[in-house]
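Peer 1: Just the structure for this:
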Amino acid sequence: MHIRHATHPDELVKMTDEELRARFVISDLFVPGEVRAVYSHEDRMVLGGVQPRPGAAPLVLENYADLRAEFFCQRRELAVTCIGGSATVVVDGTAHALGAMDVLYVGQGSREVSFAADAEGTRLFLSSAISHATHPTKLIPATEALTTQTGEQFHANERTVRKHLHEDGAPSSQLVLGITSPHEGNVWNSMPPHTHDRRTEVYLYFGLGEGERLFHFMGTPGRTRHVVLQDGDVVISPAWSMHFGAGTSNYSFLWVMAGENQSFADMDQIAVPQI
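Peer 2: Predicted coordinates:
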């Protein structure tokens, strides 16, 4: 498991492009036949990618030595999101079938988690936070996520927002998770931008064509930096940072937060001229 350290806002403006990517971008999570993980010191989140091969033996979630735990979920909760294909995730002997954009919440205390692909191109994204309470393992299909429409075509930010883990949905200790999909002809996300000093947020971009790219912006008002991402890239956004982006085509992105509270509306809005 790779380690990513926390960052002060003043460091951001001094970083080279290579240093920005090394600190905030994860580009190699999805490798056929492997489970890969990154430990971020931003709210101590663990982020992972799983790409099982159809017909192969299931891949098993490792108990990483850096956690100093008896098993991965001893003190943690975990969300498993299928971003392509279909999969069977087995938690302590119980099998759960996941299709595209379904989320499986795995509660603290779950001992054994494994992943098997039911179709070619299956990719699973893992997001985990320290848990302070035990909640039941629960599957939240895309069809049962709280779904809203926001944005407007005039600003090229019309999008569908699906909330899977949130205050009024499946209970969790820290994790708040959903998937946002800009509509065809719309490219901006999280615009106008915001921060939420009480929570770290992570974006996973997917659904981008091979020749398309995503420009993700971060930083504080008046001190903005950006990174260029492709399909399957993950970016870590510290609690103090703005986080918004635009693609060369439409796409989807998974957003997941952990921190002080779980209030989706607890944002500090930033007007566009302040960027």
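
Peer 1: mind listing what the closest residue to residue 232 other than its chain neighbours touches?
Peer 2: Leaving aside its chain neighbours, residue 232 sits nearest to residue 30 (5.2 Å; criterion: Cβ to Cβ, 6 or more residues apart in numbering). (Each C-beta comes from the backbone N, C-alpha and C, glycine too.) Each residue near residue 30 by Cβ atoms under 8 Å, 6 or more residues apart in numbering is listed here: 36, 49, 50, 51, 123, 232.

Peer 1: Can I get the buried ones among these as something I can paste into PyMOL?
Peer 2: Remark: buried members of those, expressed as a PyMOL selection using 16 or more other Cβ atoms under 10 Å:
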select buried, resi 36+49+50+51+123+232
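
Peer 1: Tell me which of the contacts of residue 30 fall in strands.
Peer 2: 36, 49, 50, 123 (DSSP state E).

Peer 1: ok, now how distant is the nearest residue to the second one once chain neighbours are set aside from residue 169?
Peer 2: Put plainly, it is residue 49. Counting by Cβ to Cβ, 6+ apart, residue 49 lies nearest to residue 29, which is 2.9 Å off, once chain neighbours are set aside. Computed as Cβ to Cβ, to the nearest Å, the residue 29 to residue 169 distance reads 25 Å.

Peer 1: Comparing the two, which residue is more hemmed in?
Peer 2: residue 29 (23 against 18; other Cβ atoms under 10 Å).

Peer 1: Just the pLDDT at the more buried one, thanks.
Peer 2: Residue 29 carries a pLDDT value of 95.

Peer 1: now residue 264
Peer 2: Looking at residue 264, the pLDDT reads 68.

Peer 1: Sketch out the strands for the stretch 101-250 of the chain, chain order is fine.
Peer 2: Taking DSSP state E, counting those that start in this stretch as the test, the strands found in the stretch 101-250 of the chain are 103-106, 113-117, 123-130, 138-140, 146-150, 159-165, 176-182, 188-189, 194-195, 199-206, 214-220, 223-229, 234-237, 242-247.
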